[in-house]
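1. A predicted structure for the sequence below; I have some questions about it.
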Amino acid sequence: MSEKKKRNRNSNLRVFLTILLVVASISIMIKLNRNFSFTVKIPLTFQNLSEDYILKKSSTTSVKVTGKASGYDYFKYRFFSQAFPIDLSNLPKDGKESYYVFNKESDALKGSLSGSEIIAFEPDTVFFLLDRNYDKRVPVVSNFDISYSPGYGSFQGMQITPDSITVRGPESEVDTITKVYTSSQIFENIRASKEGDISVHLYKNIANVELIPNTIKYSLQVDKFTEGTVSVPLQLLNVPANVSAKVFPKRINVIFNVNVTNYDLVKSSDFKVVVDFDEADSLSTSLTPQVIETPDFVRDVRISESTVQYLLVK
């Protein structure tokens, strides 16, 4: 075959393919511009629900729509589909449930199908179970496991802020909630102060219940502690009339722990140790001393003697 004939053949093939492509395109465009029936599944969105109410359940989250539209519009819709919004602000009620009825004349679709003819919605009604939103303040229970290095401790212990939060949700659910908990946290061999944020949660998952806030702050002030001892005079309470009372010993050692910073502030007069003769037993000559006053900055207070002897003299 000559080179000239070969070029003519290739040229004829290109012309044929071009004509075929143009004809196919025109055919497709003609078909797309014709109206035909369609069925699409459209997700539902729920809007304008009052803050006083909460949506517990809806009978469906999508609707199947049958209608008529141009193939061109339907083709575009398949790539840019739109959700169908339902306004929850003023729904009619049937018993405990609110409901929305689709209307094929007034409920137009969005996007390229906004001008389509709607034939049917399936289902034609969506039911909603709404419950009144309710707020309640409940305490937060700490869930910390703390151990200190020898000689270290915390006078106040773990502090959380705030110590109570708001739970919000259906009144029927919120009424059952009496407390919330921090997440579990372990601190071992602590010798320095700690602080941070920690999440809070319910004892079990409850649908539609919100915690406000859902994280709180914690702080642990850690100090180096030392042991101290002071000698404190015993004070006598409720001594019987017309007698004098003597106790042995007259003074008692009070042992305590205090952080190093406050050690020099501790004085014997800050403590009050008493014996109460209303607790005396006629068959015994001993009484149990009790520490009834201590400084605010000491802890682990104990006394060196568990009992003291007494004598009543007329």
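-> Sure, I can see it. Numbering: from 1, shown residues only.

2. Mind listing what's buried along stretch 140-148?
-> 140, 142, 144, 146, 148 (16 or more other Cβ atoms under 10 Å). Where C-beta positions appear, they are placed from N, C-alpha and C, glycine not excepted.

3. Kindly export stretch 177-193 (C-alpha atoms) in CSV.
-> C-alpha atoms of stretch 177-193 as CSV (Å, rounded to 0.1, in the frame of the first residue of the first chain):
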residue,chain,number,x,y,z
ILE,A,177,-28.0,10.2,88.3
THR,A,178,-26.6,11.1,91.7
LYS,A,179,-22.9,11.5,91.0
VAL,A,180,-20.2,11.4,88.3
TYR,A,181,-16.6,10.1,88.5
THR,A,182,-13.2,11.2,87.4
SER,A,183,-11.3,8.9,85.1
SER,A,184,-9.0,6.5,87.0
GLN,A,185,-5.5,8.0,87.6
ILE,A,186,-2.5,6.4,89.5
PHE,A,187,0.3,8.4,91.1
GLU,A,188,3.1,6.4,92.6
ASN,A,189,6.0,7.5,94.9
ILE,A,190,5.0,11.1,94.7
ARG,A,191,7.4,13.7,96.0
ALA,A,192,6.3,16.8,94.0
SER,A,193,3.1,18.7,93.5
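
4. From residue 243, how far out is residue 221?
-> Using Cβ to Cβ, to the nearest Å, residue 221 is found at 50 Å from residue 243.

5. the more surrounded of these two?
-> Neighbour count, other Cβ atoms under 10 Å: between residue 221 and residue 243, residue 221 has more, with 14 against 11.

6. what sits against residue 197?
-> Listed by Cβ atoms under 8 Å, 6 or more residues apart in numbering, the contact set of residue 197 reads 215-218.

7. can you check residue 143 too?
-> Contacts of residue 143 (Cβ under 8 Å, 6+ apart): 181-185.

8. Any chance of the backbone angles for it?
-> phi -130, psi 60 (degrees, to the nearest 10).

9. Inside strands: which ones of the contacts of residue 143?
-> Using DSSP state E, the members of the contacts of residue 143 that fall in strands are 181-182, 185.

10. what's the spacing between the closest residue to residue 190 other than its chain neighbours and residue 188?
-> Nearest non-adjacent residue to residue 190, counting by Cβ to Cβ, 6 or more residues apart in numbering: residue 148, 5.0 Å away. Per Cβ to Cβ, residue 148 is found 9 Å from residue 188.

11. what about the residue most central in space within the chain, distance to residue 197?
-> With distances taken as Cα atoms, centre = their mean, the residue of the chain nearest its centroid is residue 214 (3.4 Å). Distance from residue 214 to residue 197, counting by Cβ to Cβ: 10 Å.

12. how about low-confidence regions in the stretch 101-250 of the chain?
-> Counting by pLDDT under 70, the stretch 101-250 of the chain shows low-confidence ranges at 111-115.

13. how about the helices of it, start to end?
-> For the stretch 101-250 of the chain, applying DSSP state H, counting those that start in this stretch gives helices covering 171-174.

14. For residue 55, give me its contacts.
-> 46, 49, 88, 128-130, 208 are the contacts of residue 55 under Cβ under 8 Å, 6+ apart.

15. Out of the residues you listed, name the two that are farthest from one another.
-> Pairwise distances across the contacts of residue 55 (Cβ to Cβ) peak at 14.5 Å, for the pair 88 and 208.

16. Which one's more surrounded, these two?
-> Between residue 88 and residue 208, counted using other Cβ under 10 Å, residue 88 has the larger neighbour count: 18 against 15.
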